[in-house]
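Asker: this one's structure only:
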């Protein structure tokens, strides 16, 4: 399966989260938790399966199955994993992460994060400085592994990113290792610029101002 076909499927998964009827599960720390089946494997150790949905604040977790360690705030999700936090979303085959911080590692993953542009002001001499409003743009990223290091900081292995969020992006930057720091910078090692799927430029290291 090509990377762009995979991107299309991931983008569909990010926006098409089907509704369904299932039993409400009661576990501490969640505003809402739904699954078709719940198993208790040990003290504070559970396995949830069948269209699992976990909600806490502005964050939601969707997966086919979730193994949850309540005393560690740790979840291992497998199968059609989608994690949302505000406007940011990430989809993966499998994920191992902290349910409080949303930090962790996502495998065969792709996501969308919102980048806020700085407020622009007039620079004409003698003119009043007037804000033109904050603009938002989306950053699409993908990788064999995506490690979420902070609210808007990711370490991507064997993957890439683009601000051209389309089913087939006109361009993307791919690399062996990427530190993607939304609203700040992106550092790529063994970077390759692809334009319409054609490799155009190689650099051993590249600092890219994401903002």
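Answerer: Arrived safely, thanks for sending. Because the structure is a prediction, the values reported are computed rather than measured.
Asker: who does the helix or strand harbouring residue 51 pair up with?
Answerer: For residue 51, the enclosing helix or strand under DSSP states H and E is strand 45-56. According to DSSP bridges, strand 45-56 has the following sheet partners: strand 32-34 (antiparallel), strand 37-42 (antiparallel), strand 59-69 (antiparallel).
Asker: quick one: buried residues of the last one?
Answerer: What it means is strand 59-69. Under the neighbour-count criterion of 16 or more other Cβ atoms under 10 Å, strand 59-69 has 59-63, 65-69 buried. (C-beta placed from N, C-alpha, C; glycine too.)
Asker: without its sequence neighbours, what residue ends up closest to the residue nearest the centre of the chain?
Answerer: With distances taken as Cα atoms, centre = their mean, residue 90 lies nearest the centre of the chain, 2.8 Å away. Once flanking residues are discounted, residue 90 sits nearest to residue 111: 3.4 Å by Cβ to Cβ, 6 or more residues apart in numbering.
Asker: and for residue 87?
Answerer: Per Cβ to Cβ, 6+ apart, closest to residue 87 is residue 114, 4.4 Å.
Asker: distance of the one you found from residue 86?
Answerer: 8 Å (Cβ to Cβ, to the nearest Å).
Asker: what's opposite the residue nearest to the centre of the chain in the beta bridge?
Answerer: residue 83, residue 111.
Asker: list the buried residues of the one helix or strand residue 79 maps to.
Answerer: Secondary structure from DSSP H and E places residue 79 in strand 74-85. Residues 74-78, 80-85 are the ones in strand 74-85 that count as buried (16+ other Cβ under 10 Å).
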